[in-house]
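S.K.: Output the structure for:
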Amino acid sequence: MTHRIDRIGKFEIIEQLGEGSLGEVFLARDTIIGREVALKVIRRTALVPPDGEGRFLRECQAASRLNHPNLVTLHEFGEKEGILYIAMDYLPGDDLETLLRIHAFTPKEALDLLAQVCDGLGYVHQHGLLHRNLKPANVRMGRVAGRPAPKLLDCGLSRTPGSGGVAAAAHLASLCCTAPECLHGGRADGRADLFPVGVMLFEALTGCHPFAADSSEAVAQRVLNEEPDDLDPALYPEINPAIQGVLRQALAKDPARRFATAEAMAETLRAMRDPAWSPHREPQPWILKPAKPITPPERPVRSRARAAWISVLAAAAVLGGAGGYWLWNRHRAGRIMPPPLPMTVASPLQPKPPEPPPDAPVQTPAPTPTPAAPGQALAQATSPAAPAAPAAQAPPPAAASRPAQAPVPATAARPPQAPAAQAARPAAAARPKTYTTVDEAAGAAETDPQGALAYLDQALAAEPGNEQILAHRIVALYALKRYGACTKAIHEARDAGFALWPMALRQPALRRMLERDAKEEDPHLIKRKAPAPTP
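M.R.: Numbering: from 1, shown residues only. Purely as a prediction, here's the structure:
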């Protein structure tokens, strides 16, 4: 860099750790949470045009979603005051290049460490990415569960398979660790990342590079046309003597002759730690042929027919049960139910009628109209269009021979309703709006933050990694002036892999909120520069 940097955004620079082809690496402290990170400052001249910065940010976004024990975690990336940076885990200690130079590993330890490197590469390849800059200097030695664990660095040069920039990636990577197809400018895939693993294995066993030369042109010529020297298996009695075949396959010029996947190479390297392991008892992992897919044997026709009969019988049982249940419901609904007993509702204030003499004929008492509740009477009295209550009909003749039942108080038929409850009905209709989709809640995050926040909280529990939900939840909390919760939501989104300003570029509502907060004399959130539009 042309001048000393003391601070980049919230990161306070402590010291310089090193310098590479992309830029400088600093030890920095996150002043908000107090965590020490490795901060890589990117030189803009190292980005390949056209759209170098845009491609760099897209690749960092893809790499930030990776989480594996053998990968360095990328916490944040962005731009502050014109400086592009990446914040990642800080791992104190040496890189693999330094440890290989001093012969720090036994052959068995080297096989175990490089098998873990293949584990990390396999995870990267499963997510559709390539490392494209693998070399000993980009492998840091960390520890997981008390044992050494290499962690891969520098995902800034990752490319999706078949994307452009192959020649630039080959130029930036160390020529000795670059696969021949990358030097040719051809199409690279995951097998191009396995070539540098073979280079590192050769160096760990012999102490020198397999394609060492005095100039970059000579190194490229050896990588393209020459084979490395053979090993003497007698010098490595603690590992399997087939290690020479493994090296020959890993360093093959033709990608089709290398290991098909990183997982296959990791399994083979672990098998090489056993000197007694025999390729005659297990598949030979170093045969220089592409692996054939394993086709499971066909099931016997009899088993298929039996399974088909079982399925048919099960379906018939289910349909029979459903039909029986339908017939039973229909039969029950068709039963003739006796008519209900007539109920005479009388007021308890009315006098009890005199009992008729024993010899008098039984007469059906006239039904007493049910008095209306106080609230209903008031509504009927004040409403000019209230229709008259229909006259009570006489009970059916069959009820005349039944004994009269005890009168039921009028208040038991319908509880009285106060006039205040009648007046409160229009207010109850103005209940808060409910939302059924994320788009509806996102659109109302600023106008109806309370209702939108209620739906977004439920949606976030179902989809924790939905960027739209995370962004508009921040906007809703800010609109409710819950600034502490808003800051916490920003940190939770960052921990989920969504840095704030790249998310604001894709979510206009979040960007408008950040711009409004930045214009305040006393911003409620951390004062941050509004993100520049994506080129």
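S.K.: Low-confidence bits of this structure, can you list those?
M.R.: Per-residue confidence of the chain (counting by pLDDT under 70) places the weak regions at 1-3, 21, 46, 48-52, 155-173, 279-305, 307, 329-432, 526-535.
S.K.: mind giving me the domain split of it?
M.R.: Under the assignment named as automatic domain parsing, the residue ranges that make up the domains of the chain are 7-89, 96-271, 453-535.
S.K.: okay if I get the ones you listed as a markdown table plus mean neighbour count and distance to Thr434?
M.R.: In this view, the C-beta of every residue, glycine as well, is placed from N, C-alpha and C. What follows is these, written out as a markdown table (neighbours: other CB atoms under 10 Å; distance: least, CB to CB, whole Å):
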| stretch | mean neighbour count | distance to Thr434 |
| --- | --- | --- |
| domain 7-89 | 17 | 33 |
| domain 96-271 | 19 | 38 |
| domain 453-535 | 17 | 7 |
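S.K.: Can you lay out those as a markdown table showing distance to Gly320?
M.R.: Rendered in a markdown table, the data for these read as follows (distance: least, CB to CB, whole Å):
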| stretch | distance to Gly320 |
| --- | --- |
| domain 7-89 | 51 |
| domain 96-271 | 47 |
| domain 453-535 | 38 |
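S.K.: now for the ones you listed, which one comes closest to Ala442?
M.R.: Distance to Ala442, taken as CB to CB, is lowest for domain 453-535 among these, at 4.1 Å.
S.K.: Tell me which of the domains of the chain lies nearest to Ser311.
M.R.: Closest of the domains of the chain to Ser311 is domain 453-535, at 33.4 Å (criterion: CB to CB).
S.K.: which residues touch the closest residue to Ile243 other than its chain neighbours?
M.R.: Of all residues not flanking Ile243 in the chain, Met272 sits nearest, at 5.4 Å (CB to CB, 6 or more residues apart in numbering). Going by CB atoms under 8 Å, 6 or more residues apart in numbering, Met272 touches 111, 239-240, 242-243, 246.
S.K.: between those residues, which is closest to Asp189?
M.R.: The shortest approach to Asp189 among these belongs to Val246, at 20.2 Å (CB to CB).
S.K.: do you know how far the closest one is from Leu269?
M.R.: Counting by CB to CB, to the nearest Å, the separation of Val246 from Leu269 is 7 Å.
S.K.: picking that back up, closest one of the contacts of Met272 to Ala499?
M.R.: Of all the contacts of Met272, Ala499 sits closest to Leu111, with 37.6 Å by CB to CB.
S.K.: Need the residues touching each of Val246 and Leu269.
M.R.: By CB under 8 Å, 6+ apart, Val246 and Leu269 have these common neighbours: Leu201.
S.K.: of the domains of the chain, which approaches Trp326 most closely?
M.R.: Ranking the domains of the chain by distance to Trp326, with CB to CB as the measure, places domain 453-535 first at 35.6 Å.
S.K.: ok so, going back, so which of the domains of the chain is nearest Ile310?
M.R.: domain 453-535 (36.1 Å).
S.K.: Tell me which stretches of the stretch 1-150 of the chain form strands.
M.R.: Across the stretch 1-150 of the chain, reading from the start of the chain, the strands by DSSP state E, counting those that start in this stretch fall at 7-8, 11-19, 23-30, 36-42, 74-80, 83-89, 139-144, 147-152.
S.K.: got a list of contacts for the fourth one?
M.R.: Think strand 36-42. Outside strand 36-42, the residues that reach it (CB under 8 Å, 6+ apart) are 1, 5, 8, 11, 13-14, 17, 22-30, 56, 72, 75, 83-91, 156.
S.K.: What strands line up against it, and which way round?
M.R.: Using DSSP bridges, the strands paired with strand 36-42 are strand 23-30 (antiparallel), strand 83-89 (antiparallel).
S.K.: can you tell me which residues contact Leu152?
M.R.: Going by CB under 8 Å, 6+ apart, Leu152 touches 70-72, 117, 120-121, 124, 131, 134, 138-139.
S.K.: Filter these down to the ones in helices?
M.R.: Using DSSP state H, 117, 120-121, 124 are the members of those that sit in helices.
S.K.: Thank you kindly, that will do.
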